[in-house]
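**Student:** Based on what follows, work out the 3D shape:
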Amino acid sequence: MEKERQLAKRLIQEGKKDKAKLMLRKKRFEEQQLTKAEVQLEQLDSLLMNLEFTQIEQQVIQGLKIGNECLRKLHETFKLEDIEKILDESREGIEYQRDIDSLLSGSITTEDDDVVEEEFAQMFADQFPEVPKEDLEEIGDTAPRKDTGKQKATERRERQAQLAD
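**Tutor:** Numbering: from 1, shown residues only. Model (predicted):
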């Protein structure tokens, strides 16, 4: 552009005013065309940015749809009653654990300990049949004894000695 300006100056000096004006008009036209092209490029750039942003928005919306569908399916698998039951069971478990913790921490009294021992003894007695209360000495005399190898050998010798007599 600067070249056309210099050429127009030279043409004016040479007295060719019409050609100099034509050259300046050409320069002005080219400047306007460049300005229009720059504006169009900026508009294209803006349009591309809008398209990219719209694509990102579309991906976000698609992700939200998928997330909502997954949540809906999860809600179908979990009924409100099931959740309440699980929460109740968890609360009961926590309460039970707290009871155990308080027992283990030494807050049980000897009176409580006696009650527990008595209840345990009753449960134990209910679980097993009653043992007959015969004299243990009578049972001891009639109980079979285990024979060892030495006892058998001794008995065999005694029988042989009796038969030999």
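
**Student:** Give me the neighbour count for residue 8.
**Tutor:** Neighbour count of residue 8, defined by other Cβ atoms under 10 Å: 21. Where you see a C-beta, it was placed from the backbone N, CA and C, and this is true even at glycine.

**Student:** Show the pLDDT at it.
**Tutor:** We note a pLDDT of 83 for residue 8 in this prediction.

**Student:** And the pLDDT at residue 81?
**Tutor:** 84.

**Student:** which regions of the chain sit below the pLDDT cut-off?
**Tutor:** By pLDDT under 70, the weakly predicted segments of the chain are 106-109, 128-150, 152, 160-161, 163-165.

**Student:** Which helix or which strand is home to the residue nearest the centre of the chain?
**Tutor:** By Cα atoms, centre = their mean, the mean C-alpha position of the chain lies nearest to residue 74, the distance being 14.8 Å. In this assignment (DSSP states H and E), residue 74 forms part of helix 17-77.

**Student:** In terms of secondary structure, what does that helix contact?
**Tutor:** Packing partners of helix 17-77 (3 or more Cβ pairs under 8 Å, 6 or more residues apart in numbering; DSSP states H and E): helix 2-13.
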